[in-house]
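S.K.: Got a predicted structure here, sequence first:
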Amino acid sequence: MARFLGLDASTQSLSALVIDMDTGAVCANQSVVFGERLPQYQSPKGFLAHQNPRVRHSDPLMWVEALELLLGDLAGAGLDLGCVRGVSGAGQQHGSVYLTRSFDQVGAWSTDRPLRDQVQPLLSRRTSPIWMDSATSAECAEITRAAGGDNRMVALTGSRAIERFTGPQIRKFFKDSPEEWAHTCEIHLVSSFMASLLTAASAPIDLGDGAGMNLLDLGTGTWSPALLDATAPDLAAKLRTPVPCTTRVGVVADYFVKKYGFSPGTPVIAFTGDNPSSLVGMGAGRPGTAVISLGTSDTVFAAMTAPRTDPRGTGHVFGDPAGGFMALACFANGSLAREEIAHRFGLDWEAFSDAILTRTRPGNGGNLLLPYFVPEITPRLPVPVVRWFGSESFVDGRDPYAAVRAVVETQALSMRLFSRWIGEDMNPILVTGGASRNRGILRILADVFQARIVPLQVSNSSALGAALRAAQAVGGTSWEELARRFSAPANHLAMKPDPRTLAMYDEAGHQLERRLNEVLANPFVKG
Ligand code: XUL
């Protein structure tokens, strides 16, 4: 039996998906939701509470415990992990883990003690800044200055210096915590950290996720000496050489063989970022298909036919696991903003969808909401901004249905606005993530983008992408064949655009841009 396991360490959960090459089936698809299974970490949404909304950290030990729980669940559900021929994984991008000793110095995990207890003494920093953290504006400015300006940053790394990116986060740690910094000998992304746990060795960062650090020279595929210097002293010594994400980085450690039944010598392929992994999971690793991912963050991405960067400075270029590069725009107020509105008005997801499909009309009678409940990445808003414009009942919070349509229309319109630079074909658009089965949300995406919106059969495209990457690297199956077998679109769930809404959404897009410009000019003023 040729089976491949893909893991996905996302913001709110750790998931596993197993594909079977013989039958073409997904034979396991399971998650551990941190808030539910690991309440002791006090991270109901996957991160620790902090009074400053710009600070967002998680406890890396929560991810370690989740790995054990998840493998235990799989084995407990009767899945024979001994049949797995290769493992790869994905992680929320940009988050970083800091160690006092290299995983290589640890050698092997002891089966006498839980993994968590063995990892704890290795941490030089108790918490990990994650992609939602935006507390590094000063460091971004310092790095940009040292590197020679925004344009130089973009030319080198594909992105401006960005608050959540790992380089500025590393610089802040070095500046704020000199003692812990002095004890740090190795730095990992969430992806390479998870791969290191699994192999009991220091796994290198891959080029896909590495591109989200403001440290990688995209032209050479190596760390940029100028950016390493601009970020922190001796940084080169704390990072392993980055590798293409098809690289075999080790084998599943003895600990997991003994405890969960993996076969000895099971190869582990480099882990990458959740978005690059999702790109191949969606069967979109080759240019020609754009993807919208509706998760904790919403992202719009596509494999690139030609090198391009975002003149507005909010978009990014990452490595595409299938070769070349991918373009991406990321929005922090994704599912958390939708949940906020649903929760505030006591609506379940069916009622949420119904509010769009049957109770409100495109354009929302002119009602408009800026739904930035947490600091926003795109456009760059350093503080939460929530503003209601329109009818009295809407502004006063007495119109739940209009509020639902308003949050989704603004999300879709701003995805369209801020992904134009990507310049790739945007019809059809594949859609993935938790909200990709919500018909109301698909309706608005189809009309705003005037494109056919197509969900996948499998909803966890990042874990699927990880399993496919393992199959490609270990089994040698081509990307095309893997996509044909496992990334089938659910055409019966596709949503077609209504051309009558075109002019109205163009106008709504202008309105939104006008409101955003007002707020961007002075985000700290209360509306
Ligand atoms: C991408 C980004 C997010 C995280 C969340 O740049 O910050 O999409 O990867 O998982």
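M.R.: Thanks, I have it. Small disclaimer: the values here were computed from a predicted structure and weren't measured.

S.K.: Point out the residues in this protein that sit beside the ligand.
M.R.: Taking C-beta under 6 Å from any ligand atom as the criterion, the chain approaches the ligand at residues 10-11, 92-94, 131, 164, 212, 273-275, 297, 299, 330. C-beta coordinates here come from the backbone N, C-alpha and C atoms, glycine included.

S.K.: possible to save the residues you listed as TSV with neighbour count and pLDDT?
M.R.: Below are these laid out as TSV (neighbours: other C-beta atoms under 10 Å; pLDDT from 0 to 100):
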residue	neighbour count	pLDDT
Ser10	23	96
Thr11	25	96
Gln92	28	98
Gln93	30	98
His94	26	98
Trp131	28	97
Arg164	26	97
Gly212	32	98
Gly273	32	98
Asp274	32	97
Asn275	28	97
Ser297	25	92
Thr299	26	97
Cys330	25	98
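
S.K.: Among these, name the ones in helices.
M.R.: 274-275 (DSSP state H).

S.K.: Need the per-residue pLDDT for the residue of the chain positioned farthest from its centre.
M.R.: Largest separation from the mean C-alpha position in the chain: Glu392, at 37.1 Å (C-alpha atoms, centre = their mean). pLDDT, Glu392: 98.

S.K.: what's the answer for the one 5 residues further on, then?
M.R.: Reading off the per-residue confidence, Gly397 sits at a pLDDT of 95.

S.K.: so it touches Ala403, yeah?
M.R.: Yes: here Gly397 lies in contact with Ala403, judged by C-beta atoms under 8 Å, at a distance of 7.3 Å.

S.K.: Would you map the strands across the stretch 401-527 of the chain?
M.R.: With DSSP state E, counting those that start in this stretch, the ranges of strands along the stretch 401-527 of the chain come out as 429-432, 453-455.

S.K.: need those strands in TSV with distance to Cys245 and mean neighbour count, can you?
M.R.: Listed next are those as TSV, based on distance: least, C-beta to C-beta, whole Å; neighbours: other C-beta atoms under 10 Å:
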stretch	distance to Cys245	mean neighbour count
strand 429-432	19	26
strand 453-455	25	23
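
S.K.: With mean pLDDT and distance to Leu239 as added columns, please give those in TSV.
M.R.: Shown next, in TSV, are the strands of the stretch 401-527 of the chain (pLDDT from 0 to 100; distance: least, C-beta to C-beta, whole Å):
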stretch	mean pLDDT	distance to Leu239
strand 429-432	96	30
strand 453-455	97	38
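
S.K.: Let's have those strands in a markdown table, adding distance to Asp348.
M.R.: Shown next, in a markdown table, are the strands of the stretch 401-527 of the chain (distance: least, C-beta to C-beta, whole Å):
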| stretch | distance to Asp348 |
| --- | --- |
| strand 429-432 | 21 |
| strand 453-455 | 20 |
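
S.K.: residues in contact with Leu48?
M.R.: 41-42, 56-59, 127 (C-beta atoms under 8 Å, 6 or more residues apart in numbering).

S.K.: One more pass at 7 Å, please.
M.R.: Leu48 is in contact with 42, 57-59, 127, counting by C-beta atoms under 7 Å, 6 or more residues apart in numbering.

S.K.: ChimeraX command for the buried members of the residues you listed?
M.R.: Selection of the buried residues among those in ChimeraX, burial being defined by 16 or more other C-beta atoms under 10 Å:
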select :57,58,59,127
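
S.K.: what's the closest of the contacts of Leu48 to Gln118?
M.R.: Among the contacts of Leu48, Asp59 lies closest to Gln118 (C-beta to C-beta), at 15.6 Å.

S.K.: hang on, isn't the closest one packed against Thr127?
M.R.: Yes: look at Asp59 against Thr127 with C-beta atoms under 7 Å: they come within range, at 5.9 Å.

S.K.: quick one: which of the residues of the chain next to the ligand sit in strands?
M.R.: 273, 299, 330 (DSSP state E).

S.K.: got JSON lines for those residues, with distance to Ser224 too?
M.R.: Formatted as JSON lines, these follow (distance: C-beta to C-beta, whole Å):
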{"residue": "Gly273", "distance to Ser224": "19"}
{"residue": "Thr299", "distance to Ser224": "25"}
{"residue": "Cys330", "distance to Ser224": "22"}
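
S.K.: What is the burial count for Arg439?
M.R.: 13 (other C-beta atoms under 10 Å).

S.K.: what sits against it?
M.R.: Arg439 neighbours (C-beta under 7 Å, 6+ apart): 353, 357.

S.K.: For the nearest residue to Arg380 once chain neighbours are set aside, give me its contacts.
M.R.: The shortest distance from Arg380 to any non-neighbouring residue, by C-beta to C-beta, 6 or more residues apart in numbering, is to Thr314 (6.2 Å). Residues in contact with Thr314, defined by C-beta under 7 Å, 6+ apart, are 329, 378-380, 418.

S.K.: Next one: the closest residue in space to Glu376 that isn't next to it in sequence from Pro244, what distance?
M.R.: Nearest residue to Glu376, sequence neighbours excluded (C-beta to C-beta, 6+ apart): Ala332, at 5.3 Å. Distance of Ala332 to Pro244, given as C-beta to C-beta, to the nearest Å: 29 Å.

S.K.: Kindly report the same for Phe173.
M.R.: Distance from Phe173 to Pro244, by C-beta to C-beta: 28 Å.

S.K.: between those two, who's got more neighbours?
M.R.: Applying other C-beta under 10 Å to Phe173 and Pro244 shows that Phe173 carries more neighbours, namely 22 against 16.

S.K.: Could you grab the helix/strand/coil label for the closest residue in space to that one that isn't next to it in sequence?
M.R.: With C-beta to C-beta, 6+ apart as the criterion, Phe173 has its nearest non-adjacent residue at 6.0 Å, and that residue is Trp181. Three-state assignment for Trp181 (DSSP: H, G, I helix; E, B strand; the rest coil): helix.
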